[in-house]
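S.K.: Here is the input, now give the coordinates:
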Amino acid sequence: MQDAHGPCPGSPRDAGDGQGPGLLRGEVDFGGSGKKRGKFVKVPGGVASSVLFDLLLTEWHLPAPNLVVSLAGEERPFPMKPWLRDVLRNGLVKAAQSTGAWILTSALRVGLARHVGQAVRDHSLASTSAKVRVVAIGLASLGRVLHQQLLENAQEDSPVHYPADDGGGQRPLCSLDSNLSHLILVEPGPPGEGDRLMELRLRLEKHISEQRTGYGDSGGSFVWEPGSPWGILELLWAVCPNRRRGGSRLLRETLGEMPSLWRPVWILERISRAVEQAAPWLILAGSGGIADVLAALVNQPHLLVPQVAEKQFREKFPGEHFSWEDIVHWTKLLQDITSHPHLLTVYDFEQEGSEELDTVILKALVKACKSHSQEAQDYLDELKLAVAWDRVDIAKSEIFSGDVEWKSRDLEEVMVDALVSNKPEFVRLFVDNGADMADFLTYGRLQQLYHAVSPKSLLFTLLQRKHEEARLTLAGLGAQQPREPPTGPAFSLHEVSRVLKDFLQDACRGLYQDGRPGARGKAERGPAKRPAGQKWLPDLTQRSENPWRDLFLWAVLQNRHEMATYFWAMGQEGVAAALAACKILKEMSHLETEAEAAQAMHEAKYEQLALDLFSECYSNSEDRAFALLVRRNRSWSRTTCLHLAAEADTKAFFAHDGVQAFLTKIWWGDMGTGTPILRLLGAFLCPALIYTNLITFREEAPLRTGPEDLEGLDSLDTETSLLCRPGSRMEELAEAPRTPGGRGPRAAFLLTRWRRFWGAPVTVFLGNVVMYFAFLFLFTYVLLVDFRPPPQGPSGPEVTLYFWVFTLVLEEIRQGFFRDEDMHLMKKFTLYVDDNWNKCDMVAIFLFIVGVICRMVPSAFEAGRTVLAIDFMVFTLRLIHIFAIHKQLGPKIIIVERMMKDVFFFLFFLSVWLVAYGVTTQALLHPHDRRPEWIFRRVLYRPYLQIFGQIPLDEIDEARVNCSAHPLLLEDSPSCPSLYANWLVILLLVTFLLVTNVLLMNLLIAMF
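M.R.: All right, here's what the predicted structure looks like:
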């Protein structure tokens, strides 16, 4: 066959280098097996293993293996035990799939390889994903392949049509296995040269085991490749003797490279050569043949003498005859093999069938590593395999057993694997065994973690959107745009900070910006102007200031809530972090509506975490719990927990007794919480009552400010201004030096009492309520008494009303556009309009402006009065929002608001019946009336009144109709009803009243 692609790079053709001629590639179509096509390559026995490995990766595009399982077993037809078949199909293939392993087996459709191919076939038929596949590579000597002349005569452009295996064969030749998609065929050498297939297989396995993929330094730049090669494991199955010891001449010629015609001896040679290369072996005891011989002798190497070996061979191979020279030679091979007990793992699945094959494989690899090294770096391959298989139990018992001293740097690679693959148990295990997140998480590594976000996630969509917005901004400014990598957009922490800004607003100001002291101060004070197209990004080699917070946000944004909960528990400022997570998930639920139910469940979980933590603090110390609510959290841009709770709308958190007690304390200020409202209103009318005993003020013990008492509060940066007791202030005033005449303390008392009364939030609120009622009273007076047309108007009270509304407009502007300097104007307006009561204020102000403009025009004066009258209704409805905070009225107002949503659906059904009945009765009773105003009144207004019992029988009942019966008068008078179908009108009325008054009204009552 001719070389379809030429020789591989690095594969010289000269015989002097020991590599022989180039590789010959091709494809093969297997007949009788559907549309199965495989790739094959014919190689000389001396080909370099690196060349063959590059062929598998670059030309055949096989995924780089995490593990290579090389099978050694019988290559003749033999009955396989049921448990062996289950281990092969349910254990080996499953383990290979879960780790991305390669299976090296024989390419011939015979013996053990036949069952491997069937297992691979069954897996491919059952798998629904093309990405999840088992890679099984078949190797065979070309001299043993049936129909090898077809492979020799293949053309460059046409695949080889390989006939189906009819089961007969021409022993010892065997057909290629059609279930294997990648085949390596080794050209046979001259007689006496040796086993080329075994030599090539050993070289290839050794080359794969020496491959490594690094993650880079701790500076933050790393490459995460889950397909990095990890190791080789040899799996020994049943190997039975060749009953035809003499063999045939054809067998001797085709297998001239075989050192012995007895298959078990060849296996012993291979095992001996493999253990010299430190390749671990897993021996399946009970499978028969050499596997049972090794299982019996591996644990007793000191008793391994020719006599003992002979006894084992005769027990395992009854009916066979062995010479003493063969026994001595085999004993020497067994002694060489058993001298490496750390590389041999014996497992009997019939006795210890509780463990899966992947567990046994991993334990075998760890055992091989333990025996020759106590360095942490030598265990990384096995630890990566444990992470890939998600076997934290094996990692705890076998790897982190206390024999190896782990350093934080040793665990950085596997920590990345655990984070990206969402293995929270491994992250916890690594932290418990020495991983330091402060050293691990740099801004560069955090940025790469965001690069590994799944393209199907909501976070990827949001980051991509911010990335495109930044590119469009740079394009509009004419700045040079960075080139995108071929794998997709490379998100930076700038995009991450913008996404968080949309979710958390002020709670993430300055996050992931330049970490230098000057830059950080600017970020906290507000955004300064920066050059167009530039970003204030932190140094990627710099360590994260708060690694647990950054990882917590990374996990929450990806809905990895188990991992996020662990990061929350390890971090600081737990209450604020949990409330921030509530806010993030609330915003994400709006963007991903199909997952809104699941998001709400997770939101309740984080809210419960905040509640539990705050409850524990409140039970220990009320003062410290109150300080926790108002302290400015450094990790969240100096935002308080109360602000985060309000943004996240966490009703359960606000309903906590401790939060309610603190809010009540703030609400009443320095006054007693039991002060009646009427006394406050009396103080409004007569401010001198403030200085009497009518208003009670709290006179508590001063808050001790000793270092031993407030050390914790100071460390929390407590806002002591909200917690200072009035008694402490009074003592300071009492100790003040007296001024001449003794007026100093008295003046200070008057000013303090005045400030404490009018500065209390309850006083401010009641003052606003009183003034709003005064505003409505003035509005009412102007509309009813003093609304004069021009040129007599507007009068003085009306001008006062205009000025009052002007102050309300200024307040709405302040609320909407002066709340956050680091926010776009359109974003501020959007947040302002999202509040329904702000929409009500906008409508009220708009109607007032329109009404004032119309009343200034004499011709539109009455229209202005009408608009202002409607506007008065809108301003009056604003009282509902004011009284929503009342203890009794508030819940009822919320109930009414929720009921209104259901009323709209009820009104839809009611309007259907109303229109249907109204149009029908109008057509039957007044067919000649074409006046639009009367049609509208009788179609909509009259049926609506009939719902409430106003039934005009004089127009419906024929016996009570009082109209002329003359035909001409009836035709000319549209007000006279038609009596043609009066019986049908009565029937429709009964049905209409039955449906509306009985069915729909009772339905409305049942809904509420």
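
S.K.: how does the protein divide into domains?
M.R.: Domains of the chain are assigned by automatic domain parsing as 15-212+229-347, 373-435, 443-479+488-666, 669-759, 762-885, 893-1007.

S.K.: what does the average pLDDT come to for the second one?
M.R.: Here the mean pLDDT over domain 373-435 is 86, rounded to a whole number.

S.K.: And the longest one, by the same measure?
M.R.: If you average the pLDDT over domain 15-212+229-347, you get 76.

S.K.: by contact count, what packs against the helix or strand harbouring residue 293?
M.R.: Assigned by DSSP states H and E, residue 293 belongs to helix 290-297. Judged by 3 or more Cβ pairs under 8 Å, 6 or more residues apart in numbering; DSSP states H and E, helix 290-297 is in contact with strand 232-236, helix 263-276, strand 281-284, helix 306-316, helix 324-338, strand 344-347. Glycine gets a C-beta too; all of them are placed from N, C-alpha and C.

S.K.: I would like the residues contacting it, please.
M.R.: Residues outside helix 290-297 that contact it (Cβ atoms under 8 Å, 6 or more residues apart in numbering): 236-239, 264, 267-268, 271, 283-286, 303-304, 308-309, 312-313, 316, 334, 337-338, 344, 346, 348.

S.K.: Could you tell me the angle between that helix and helix 263-276?
M.R.: 60 degrees (axes from the mean of the first three to the mean of the last three Cα atoms, to 10 degrees).

S.K.: could you check the angle helix 324-338 makes with helix 290-297?
M.R.: 70 degrees.

S.K.: which residue ranges form the helices in the stretch 701-850 of the chain?
M.R.: For the stretch 701-850 of the chain, helices defined by DSSP state H, counting those that start in this stretch occupy the ranges 711-715, 726-734, 743-758, 761-784, 796-817, 825-833, 836-856.

S.K.: mind checking which of the ones you listed is nearest residue 98?
M.R.: helix 825-833 (46.1 Å; Cβ to Cβ).

S.K.: Give the buried residues for that closest one.
M.R.: 828, 832 (16 or more other Cβ atoms under 10 Å).

S.K.: helices and strands around it, which ones?
M.R.: Other elements packing on helix 825-833 under the criterion 3+ Cβ pairs under 8 Å, 6+ apart are helix 796-817, helix 836-856.

S.K.: next one: the shortest one to chain centre, how far?
M.R.: In this view, helix 836-856 has its centroid 45 Å away from the chain centroid, taken as Cα atoms, centre = their mean, to the nearest Å.

S.K.: Just the angle for the next helix or strand after that helix relative to helix 761-784, thanks.
M.R.: Per DSSP H and E, the first helix or strand lying C-terminal to helix 836-856 is helix 861-882. Between helix 861-882 and helix 761-784, the angle comes out at 160 degrees (the same axes, to 10 degrees).

S.K.: Other residues contacting helix 861-882?
M.R.: 768-769, 772, 775-776, 779-780, 783, 787, 789-790, 837, 840-841, 843-844, 847-848, 850-857, 893.

S.K.: For the helix or strand that that helix is followed by, buried residues please.
M.R.: Downstream of helix 861-882, the first helix or strand assigned by DSSP H and E is helix 889-925. Using 16+ other Cβ under 10 Å as the test for burial, helix 889-925 gives 906, 910, 913-914, 917-918, 920-922, 924-925.

S.K.: mind putting those in TSV, pLDDT included?
M.R.: Shown next, in TSV, are the buried residues of helix 889-925 (pLDDT from 0 to 100):
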residue	pLDDT
906	80
910	85
913	88
914	91
917	92
918	92
920	92
921	89
922	88
924	88
925	86
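
S.K.: contacting residues for residue 493?
M.R.: 443, 446-447, 450, 512, 537-538.

S.K.: redo that, cut-off 7 Å
M.R.: By Cβ atoms under 7 Å, 6 or more residues apart in numbering, the residues touching residue 493 are 443, 446-447, 512, 537-538.

S.K.: Would you check how far apart it and residue 774 are?
M.R.: Noted for residue 493: a distance of 53 Å to residue 774, by Cβ to Cβ, to the nearest Å.

S.K.: for residue 443, same thing?
M.R.: 57 Å.

S.K.: So between these two, which is more surrounded?
M.R.: residue 443 (23 against 11; other Cβ atoms under 10 Å).

S.K.: pretty sure that one contacts residue 545?
M.R.: No: the criterion here is Cβ atoms under 7 Å, and residue 443 misses it with residue 545 at 9.5 Å.

S.K.: Any idea how many residues pack against residue 930?
M.R.: 9.
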